[in-house]
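Engineer: Sequence first, predicted model second:
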Amino acid sequence: MKQALATDLDGTLIPLEGHQENLRDLQSLKNELNRTQIELLYVTGRHFESVADAIESYQLPLPGWVICDVGTTVMQRTPQGTFEQQADYREQLVSLTQSLPLHSLELLLENLPGLRRQEEEKQGEFKLSYYCDDANRIEISEQIRQLLRESSAPYSLISSADPFNGDGLIDLLPQNVSKAYALDWWTQFFDYPKESILFAGDSGNDLAALTAGYRSILVGNAAHEVVEEVTQINGKLGFHDRLFLAESSATSGVLSGCHHFGIFGKTSDPNTKTL
């Protein structure tokens, strides 16, 4: 059966600063990907230019696909090694948002206190992103959801905490679009069985993908509340043997999860838990 590794970047695949074992395990992961020719996808909140920078800066393996902007952009690597936006997916999002373009959504939110618009390079064609005080993130998120409901706006909200500086992060995306939505589209469009996908993540914007029924790796540096929520949702949905809780952080957790699920050849790891 053909298989694919779909992984988040920050806090997940990218080595953490000062963690030498992450650097070692990144090389091991690259070697295994080269050996097995497993399809590799990056599924990230970063915009594409930032993904390209990360690939160069951290010497990451070159993926065949980049799902970026929290699931609102799908980029495909060409035979020449460049990346092009997947037109079919873009047209799908155009149809989802035609009743209220993104600039109209921004006007709807412009007077809401506590929101700070993120830098221009962090915005997307179908993604509107803000910072907020993480202590107020849940309250602000609910206020935004109420505005979306009252306006019948075809958008949904994903919030998370920046693992590096503690900022609250709020992304407005087309209705129901997420990393999981884009990954579901990819698996159907390219005829990959759902059980052939292994997803790795660490934070709130990975929640949808971690609870979508894919085999999943939650790396050891994930916040406790994310671990609890993912575990509870998977339990309620009746998923078994699909979630791997790695004791190892970031890159090392991804590698141990790959071995656990046997995509490179199954090995035992005493520092792990499976649900």
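Structural biologist: Yep, that arrived.
Engineer: Now do the contacts for residue 55.
Structural biologist: residue 62 (C-beta atoms under 8 Å, 6 or more residues apart in numbering). C-beta here means a position set from N, CA and C on the backbone, and glycine is covered the same way.
Engineer: residues near residue 252, how many?
Structural biologist: 26 (other C-beta atoms under 10 Å).
Engineer: One more: residue 107?
Structural biologist: Using other C-beta under 10 Å, residue 107 is surrounded by 8 other residues.
Engineer: Is it part of a helix or strand, or is it coil?
Structural biologist: helix (DSSP: H, G, I helix; E, B strand; the rest coil).
Engineer: Tell me how far it lies from residue 128.
Structural biologist: 11 Å (C-beta to C-beta, to the nearest Å).
Engineer: what are the phi and psi values for residue 187?
Structural biologist: In terms of degrees, to the nearest 10, the main-chain angles of residue 187 are phi -60, psi -40.
Engineer: Ok, residue 83 next?
Structural biologist: The phi/psi pair for residue 83 (degrees, to the nearest 10) reads phi -120, psi 140.
Engineer: what about it, neighbour count?
Structural biologist: Neighbour count of residue 83, defined by other C-beta under 10 Å: 19.
Engineer: Kindly report the same for residue 141.
Structural biologist: Applying other C-beta under 10 Å, we find 16 residues neighbouring residue 141.
Engineer: Surely it is in a strand?
Structural biologist: No: applying three-state DSSP, one finds residue 141 to be helix, outside a strand.
Engineer: Give me the nearest residue to it, chain neighbours excluded.
Structural biologist: Spatial nearest neighbour of residue 141, chain neighbours left out: residue 159 (4.8 Å); criterion: C-beta to C-beta, 6 or more residues apart in numbering.
Engineer: which element is the residue of the chain most remote from its centre on?
Structural biologist: Outermost residue of the chain with respect to the C-alpha centroid, by C-alpha atoms, centre = their mean, is residue 111; its distance is 29.2 Å. Residue 111 belongs to no helix or strand when assigned by DSSP states H and E.
Engineer: Going by residue numbers, what spans are helices in the chain?
Structural biologist: Using DSSP state H, the helices assigned to the chain run over residues 20-36, 48-57, 87-97, 102-109, 137-151, 179-189, 207-210, 224-236, 250-260.
Engineer: Of those, which is nearest residue 42?
Structural biologist: Set against residue 42 and scored by C-beta to C-beta, the helices of the chain come closest in helix 48-57, at 6.0 Å.
Engineer: any low-confidence regions in this protein?
Structural biologist: For the chain, the stretches flagged by pLDDT under 70 are 265-275.
Engineer: in terms of contact, does residue 167 touch residue 134 like I think?
Structural biologist: Yes: assessed by C-beta atoms under 8 Å, residue 167 is found in contact with residue 134 at 6.3 Å.
Engineer: Give me the common contacts of these two.
Structural biologist: residue 161.
Engineer: Name whatever forms a beta bridge with the closest residue to residue 6 other than its chain neighbours.
Structural biologist: Nearest residue to residue 6, sequence neighbours excluded (C-beta to C-beta, 6+ apart): residue 41, at 4.2 Å. Bridge pairing for residue 41 (DSSP bridges) gives the partners residue 6, residue 65.
Engineer: list the contacts for residue 41?
Structural biologist: Applying C-beta under 8 Å, 6+ apart, the residues near residue 41 are 4, 5, 6, 7, 63, 64, 65, 66, 67, 183, 186.
Engineer: Return the closest of these with respect to residue 203.
Structural biologist: Nearest to residue 203 among the contacts of residue 41 is residue 7, at 12.6 Å by C-beta to C-beta.
Engineer: The closest one and residue 206 touch, don't they?
Structural biologist: No: under the criterion of C-beta under 8 Å, residue 7 makes no contact with residue 206, lying 9.6 Å away.
Engineer: which residues do these two both contact?
Structural biologist: Taking C-beta under 8 Å, 6+ apart as the contact rule, residue 7 and residue 206 both touch 43, 199.
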